[in-house]
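S.K.: The sequence and its predicted three-dimensional model are supplied below.
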Amino acid sequence: MKEDTYQPRTYRHWIEGKDLIPFDVTVKETDLYIRASSNLQRKAHRLVLKYRHQLEGYIKLNPVFVTSLEPLVVPDYAPAIVRQMAEAARKAGVGPMAAVAGAVAECVGRELLDFSPEIIVENGGDIYLKILSKRIVGVYAGDSPLTGKIGLEINARDTPLGICTSSGKVGHSLSYGKSDAVVVLSASTALADAAATAIGNRVNQSADIDAAIEFGRSIDGLKGIIIVVGKSVGAWGDVKLCEMSV
């Protein structure tokens, strides 16, 4: 999913975590909302600069990495974040930039774990989290009447975890579908991001939910899928939906 600084951010507070310290890190298109046991804003800012530098350097020499809507083969000497995005794109069958927001969230979050036992990094609707106790993550589905009504119960033992959302109606990311929300869970946040895009491309109406989930099941490495179209919801895998109010 494309990193986007112009998308409404009210959903950022739909993750239980008032016991953690929140802070923002913004560098160009990268706009992270992070929660940790202490204010790690300066460390997180340096990490964002580090990974953006790696990506921008690779893209400068390989501009097709940005424009391709198909998976690309990258060399072994490419930066780790580039290889991570390319591998996620290969599994999901999309262009590598479909994984950029998830990859940045995961790379920053993993390094911050050296300084905080719990980390939640949100990047434009894509989340990397490592938690020590159960938390609820709200599902943001645009104008769907289910927005703010359903959430995901996440247990600590299932983290680190990526939870990524694609929508054909919310934000400016490229999507060929018209879902209100496609939420994907994976141990790889980059893969969850790419897969959410791939699955979302197949959803134009509620009648497409079952087929889209069946397609998503074929993507190796996914833990769960939730699709919301209007009042209709489909789910598969290791997901526990719950009622919530925000």
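M.R.: Sure thing, it's come through. Numbers count the residues shown, from 1 in each chain.
S.K.: What count of nearby residues applies to K28?
M.R.: 11 (other Cβ atoms under 10 Å). Just so you know, the C-beta spots here come from the backbone N, C-alpha and C atoms, and that holds for glycine as well.
S.K.: Please tell me how far it sits from L49.
M.R.: 10 Å (Cβ to Cβ, to the nearest Å).
S.K.: Repeat that for Y77.
M.R.: Y77 is 21 Å from L49, by Cβ to Cβ.
S.K.: which of those two has more neighbours?
M.R.: Between Y77 and L49, L49 has the larger neighbour count (other Cβ under 10 Å), namely 14 against 7.
S.K.: and that one, which of the three is it?
M.R.: Using DSSP: H, G, I helix; E, B strand; the rest coil, the secondary structure recorded for L49 is helix.
S.K.: which residues touch it?
M.R.: V27 (Cβ atoms under 8 Å, 6 or more residues apart in numbering).
S.K.: In terms of pLDDT, where does it sit?
M.R.: Listed pLDDT for L49 reads 98.
S.K.: Output the below-cut-off pLDDT ranges for this protein.
M.R.: For the chain, residues meeting the criterion pLDDT under 70 lie at 1-17, 168-177, 245-246.
S.K.: can you give me the strands in it?
M.R.: 21-27, 30-36, 119-123, 126-130, 135-138, 150-154, 161-166, 181-186, 222-229, 232-237, 241-243 (DSSP state E).
S.K.: now those in CSV, with distance to G200 and mean neighbour count?
M.R.: Formatted as CSV, those follow (distance: least, Cβ to Cβ, whole Å; neighbours: other Cβ atoms under 10 Å):
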stretch, distance to G200, mean neighbour count
strand 21-27, 26, 16
strand 30-36, 21, 23
strand 119-123, 17, 28
strand 126-130, 13, 27
strand 135-138, 18, 21
strand 150-154, 17, 20
strand 161-166, 4, 30
strand 181-186, 4, 29
strand 222-229, 8, 25
strand 232-237, 13, 17
strand 241-243, 18, 11
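S.K.: what's the spacing between K28 and I120?
M.R.: The value you get for K28 to I120, if Cβ to Cβ is used, is 22 Å.
S.K.: which residues touch the spatially closest residue to R217 that is not a sequence neighbour?
M.R.: What sits nearest to R217 in space, not counting adjacent residues and going by Cβ to Cβ, 6 or more residues apart in numbering, is W236, at 6.3 Å. By Cβ under 8 Å, 6+ apart, the residues touching W236 are I213, G216, R217, G224, I225.
S.K.: Kindly recompute the last result at 10 Å.
M.R.: Counting by Cβ atoms under 10 Å, 6 or more residues apart in numbering, W236 touches 209-210, 212-214, 216-217, 222-227.
S.K.: Tell me the one of the residues you listed nearest I34?
M.R.: K223 (22.7 Å; Cβ to Cβ).
S.K.: So the nearest residue to that closest one once chain neighbours are set aside versus T67, what's the distance?
M.R.: Of all residues beyond its chain neighbours, the one nearest K223 is L185 (4.3 Å), with distances taken as Cβ to Cβ, 6+ apart. L185 sits 29 Å away from T67 when distances are taken as Cβ to Cβ.
S.K.: G95 is nearest to which of the strands of the chain?
M.R.: Short answer: strand 161-166, nearest of the strands of the chain by Cβ to Cβ, at 13.4 Å.
S.K.: could you check the angle strand 222-229 makes with that closest one?
M.R.: 30 degrees (axes from the mean of the first three to the mean of the last three Cα atoms, to 10 degrees).
S.K.: Fine by me, thanks again.
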